[in-house]
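> Sequence and predicted structure, then a few things I'm wondering about:
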Amino acid sequence: MMTKSETLAAVVKLPKAFYEMHTISPHDLLVASGYYENFEKISVEDIHQFLRTHIEEIGYWFRFSEDKRASGGWLIEAAADGEFEVRLVRGGAPKHRFSSREMACAYFIKNELEWIREN
Amino acid sequence: METVLSSLIDQTFPSIEANTEVLNGVSDILIWGGATVGELEVVGQVGVNVGKRLIGRPAKAFAGNPHITVLGKVGEYEQYADKLSAKYFHIADDVWNRMSRAERWAANKAFLDEAVASGQTFELSHPVSNIAEESGFFRDELVNLKSLGYELSEDGTQMVRLGPLPNP
């Protein structure tokens, strides 16, 4: 069984693995990460702390978001005023705005992982 | 119909060893927004991956504008397509999450190729000044169209064909 720290590293690096490996799905990467066993232990703040020392992962998450061609889940985007927005792709939920790119990405990651896990 | 669907699924999901069959009335799983594949106009449901078993059903008639396809980035292109009653590429959530990058692009490209073959107009959900400055699948879509004889319109809101339709 994967430890919390192993799962945390694997899920934050999920889109990089997805784009580099070509032939494995996000669902399968999430299963391999141990997230299904550890999802309750992985918080937005855990992801935020990890991202602060692995900022190179953020760009992969932005691409992962913009490439989506499904109507569920979440998206992250830079707003015109320099802040960052995280919101559901469809639906009436309000936009969540962040001044910190890392915090916005952490919030997006946790919600997107949960969407993948539940789908 | 079954042959067309089987071919489409094999082309789109080469990594899945599919025992393919066509069943009417299966609930929506894989939504393929507005492509025409052979004699089959696919605007609704095509297939579902249940383990290694793929099930599909014929599409229903497309009620919107059959001549316009919208491209763009998530959060924009779906809304713009809805506004125009146009077609767009879209896959059901659970299927999308189980597709590799290669499978996603194969499906996306197949959709584009069919739209080109049927003479669609491509509207962009936001103006583009330079394709190279775009990113992700959206840039790949524009580059693919450019390779098929399309160019950005002067105002950057469309990809327009400069020459005749490519040979089938």
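Done, it's in.
> Give the residue spans of chain B that score low on pLDDT.
Scanning chain B for pLDDT under 70 picks out B:1-64, B:163-168.
> For it, which residues are neighbours of chain A?
Counting by CB under 8 Å from any CB of the partner chain, chain B comes close to chain A at B:15, B:73-75, B:78, B:89-94, B:96-104, B:108, B:135-138. For the C-beta atoms, the positions are set from N, CA and C on the backbone; glycine is no exception.
> ok, of those, which come out buried?
The neighbour-count criterion (16 or more other CB atoms under 10 Å in any protein chain shown) marks B:73-75, B:78, B:89-94, B:96-101, B:103-104, B:108, B:136-138 among the residues of chain B next to chain A as buried.
> Show me what the lengthiest helix in chain B is packed up against.
In chain B, taking DSSP state H as the definition, the longest helix is helix B:101-117. The helices and strands touching helix B:101-117, judged by 3 or more CB pairs under 8 Å, 6 or more residues apart in numbering or on different chains; DSSP states H and E, are helix A:14-21, helix B:2-12, strand B:35-37, helix B:136-147.
> What residues of it count as buried?
B:101, B:103-116.
> Out of the residues you listed, which comes closest to chain A?
B:Arg101 (5.0 Å; CB to the nearest CB).
> and the gap between the closest residue to B:Leu148 other than its chain neighbours and A:His54?
With sequence-adjacent residues excluded and distances taken as CB to CB, 6 or more residues apart in numbering or on different chains, B:Leu148 is closest to B:Val116, at 5.4 Å. Distance, B:Val116 to A:His54, using CB to CB, to the nearest Å: 40 Å.
> can the biggest helix by length in chain A be found next to chain B?
Counting by DSSP H, the longest helix found in chain A is helix A:101-118. Yes: contact of helix A:101-118 with chain B (CB under 8 Å from any CB) involves A:115-116.
> what's the angle between that helix and helix A:14-21?
70 degrees (axes from the mean of the first three to the mean of the last three CA atoms, to 10 degrees).
> Assign the residue lying farthest from the centre of chain A to helix, strand or coil.
The C-alpha centroid of chain A is most remote from A:Asp81, which lies 22.7 Å away (CA atoms, centre = their mean). State at A:Asp81, reduced to three classes by DSSP: H, G, I helix; E, B strand; the rest coil: coil.
> give me phi/psi at it?
phi -90, psi 10 (degrees, to the nearest 10).
> From chain B, how far off is it?
17 Å (CB to the nearest CB, to the nearest Å).
> cool, A:Val31 as well?
A:Val31 is 10 Å from chain B, by CB to the nearest CB.
> Which strands and helices lie in contact with whichever strand or helix holds that residue?
Applying DSSP states H and E as the criterion places A:Val31 in helix A:26-33. Judged by 3+ CB pairs under 8 Å, 6+ apart, the packing partners of helix A:26-33 are helix A:4-12, helix A:14-21, helix A:101-118.
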